[in-house]
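[1] sequence plus predicted model, see below.
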Amino acid sequence: MAGCLALAGCGGSADGSDAAPDLSVRSAYMPQPVTDSLAAGYLTVVNESDSSDDLVSATSDIAGDVTVHETSGQRMKEAGRLEIPAGGRLVLESGGTHLMFEKLKRKPKEGETVSVKLRFTKTDPITVEMPVKSATYRPTSTKSSGSSTHSNSHH
C-alpha cells in the first residue's frame, strides 16, 4: 500500500501524460536448463496505459549476464530495446524473443524460483519471481496470470 501512495505522490502533468506506463508481468517461467551455463526465460509484459515503454535490460542473481534474444529462422541474435506498446503487450516466448541467462552461477532445478529484475525506459524496475518448470514444459495459454503476476504499482 505504501508503494501505491508513493507512486500517487509523484509529479506529472495534470492530464497524466508524464506518468509512467502501468506495466505488469504475467506467465513468467524458466524451463529447467539442460546445460550448466545457459538458461532461457519467458514472460509477458502487459501495458495497461496510454503510453508505450521499452524493456531495456534484465539482471538476475543466478546469472553473470541476462540478455534479450530474438530468434529469426534458425539463428538467435541479441535484441536491443523492445517496445511494450500503449494498451498492448510484449510476449517473450519459446521460438521467439526470450531472455537468455548466461554464465549461470548455479543450475536452477524444477520447483525452484529464479528472481529476475526487468528495467524499462520510463517505468521503475519490476522484479519477477520466475518458477522453474520441467525442461519440456509448454504453457497452454499466454493469457493465464497465475501467481507470477507482478505490477509496478506494488513495488
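    Arrived safely, thanks for sending. Residues are numbered from 1 along each chain as shown.
[2] which stretches of this structure form helices?
    For the chain, the helices defined by DSSP state H cover 2-8.
[3] how about Ser57: what's its closest non-neighbour residue?
    Distances taken as CB to CB, 6 or more residues apart in numbering place Arg119 nearest to Ser57, at 4.7 Å, with adjacent residues excluded. In this view, the C-beta of every residue, glycine as well, is placed from N, C-alpha and C.
[4] mind listing what's buried along stretch 29-45?
    29-33, 39-45 (16 or more other CB atoms under 10 Å).
[5] which stretches of this protein have low pLDDT?
    Low-confidence segments of the chain (pLDDT under 70): 1-19, 141-155.
[6] count of neighbours near the closest residue to Glu70 other than its chain neighbours?
    Of all residues not flanking Glu70 in the chain, Ala79 sits nearest, at 4.5 Å (CB to CB, 6+ apart). Counted by other CB atoms under 10 Å, the residues lying close to Ala79 total 15.
[7] isn't Ala79 up against Ala58?
    No - using CB atoms under 8 Å, Ala79 makes no contact with Ala58, being 11.2 Å away.
[8] now for these two: what residues contact both?
    Val68 (CB atoms under 8 Å, 6 or more residues apart in numbering).
[9] in space, what's closest to Arg106 - neighbours in sequence excluded?
    Ile62 (6.0 Å).
[10] list the residues that contact that neighbour.
    Ile62 neighbours (CB under 8 Å, 6+ apart): 101, 104-106, 108, 114-115.
[11] which of these has the most neighbours?
    Phe101 (26 neighbours).
[12] that one contacts Ala39, doesn't it?
    Yes - between Phe101 and Ala39 there is a contact at 4.1 Å, judged by CB under 8 Å.
[13] shared neighbours, these two?
    Both Phe101 and Ala39 are contacted by 30, 33, 63, 114, under the criterion CB under 8 Å, 6+ apart.
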